[in-house]
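A.B. asks: Fold the following, please.
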Amino acid sequence: MIIRIALLMAVLLTVVFVSLYFYLRAGQREALIAEWQKRDPSDAANEHREDWINRRLAGSMRKIALRLALVVYALPLAALFLYVGFTDPFAP
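C.D. replies: Here you go, the predicted structure:
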C-alpha cells in the first residue's frame, strides 16, 4: 500500500517538477533578455545574444534544478515516510 502511494506521489511530483522547472526557466530567460537589452540595446549585438543567454541559463538552471528537486521530491516523500513511521498503520 505504502509503495503504491509513494509511486503515485512520485509520478505527480514529477509533473509538478517539470512544470515548475519550465516556468522558472522561462522567467530566468526573460530576466536575461532584459539584462541583455540594458547592456547593449543595438541590433548589431543580437547575433551573440542567444549564445550568451544559453550559457548563463545553463549555469543557473543547474542550481535551480537541484534546489527544486530537493523541495519537490525530498520533502513530500520524507513527510510521507515519517507519517507512516509514526502512525504505523500496519501494526496489529
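A.B. asks: all helices for this protein, in order.
C.D. replies: Taking DSSP state H, the helices of the chain run over residues 2-39, 49-69, 75-87.
A.B. asks: With mean neighbour count and mean pLDDT added, can I get these in CSV?
C.D. replies: Glycine gets a C-beta too; all of them are placed from N, C-alpha and C. Putting the helices of the chain into CSV (neighbours: other Cβ atoms under 10 Å; pLDDT from 0 to 100) gives the following:
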stretch, mean neighbour count, mean pLDDT
helix 2-39, 12, 90
helix 49-69, 13, 90
helix 75-87, 11, 85
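A.B. asks: got the contact list for residue 3?
C.D. replies: Taking Cβ atoms under 8 Å, 6 or more residues apart in numbering as the definition of contact, residue 3 has no neighbours.
A.B. asks: Show me what stretch 10-23 is in contact with.
C.D. replies: Contacts for stretch 10-23 (Cβ under 8 Å, 6+ apart): 61, 64-65, 68-69, 72-73, 76-77.
A.B. asks: Please disregard the earlier target; I meant stretch 69-82.
C.D. replies: Against stretch 69-82 from outside (Cβ under 8 Å, 6+ apart): 2, 5-6, 9-10, 13, 16-17, 20.
A.B. asks: Convert the C-alpha atoms of it to CSV, please.
C.D. replies: Extracted in CSV, the C-alpha atoms of stretch 69-82 (Å, rounded to 0.1, in the frame of the first residue of the first chain):
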residue,chain,number,x,y,z
ALA,A,69,14.4,18.6,-6.8
LEU,A,70,15.0,18.8,-3.0
VAL,A,71,11.8,20.8,-2.4
VAL,A,72,9.6,18.9,-4.8
TYR,A,73,10.7,15.3,-4.2
ALA,A,74,12.6,15.0,-0.9
LEU,A,75,10.3,17.0,1.4
PRO,A,76,6.9,15.4,0.4
LEU,A,77,8.3,11.8,0.3
ALA,A,78,10.2,12.3,3.6
ALA,A,79,6.9,13.6,5.1
LEU,A,80,5.1,10.6,3.8
PHE,A,81,7.6,8.1,5.2
LEU,A,82,7.7,10.0,8.6
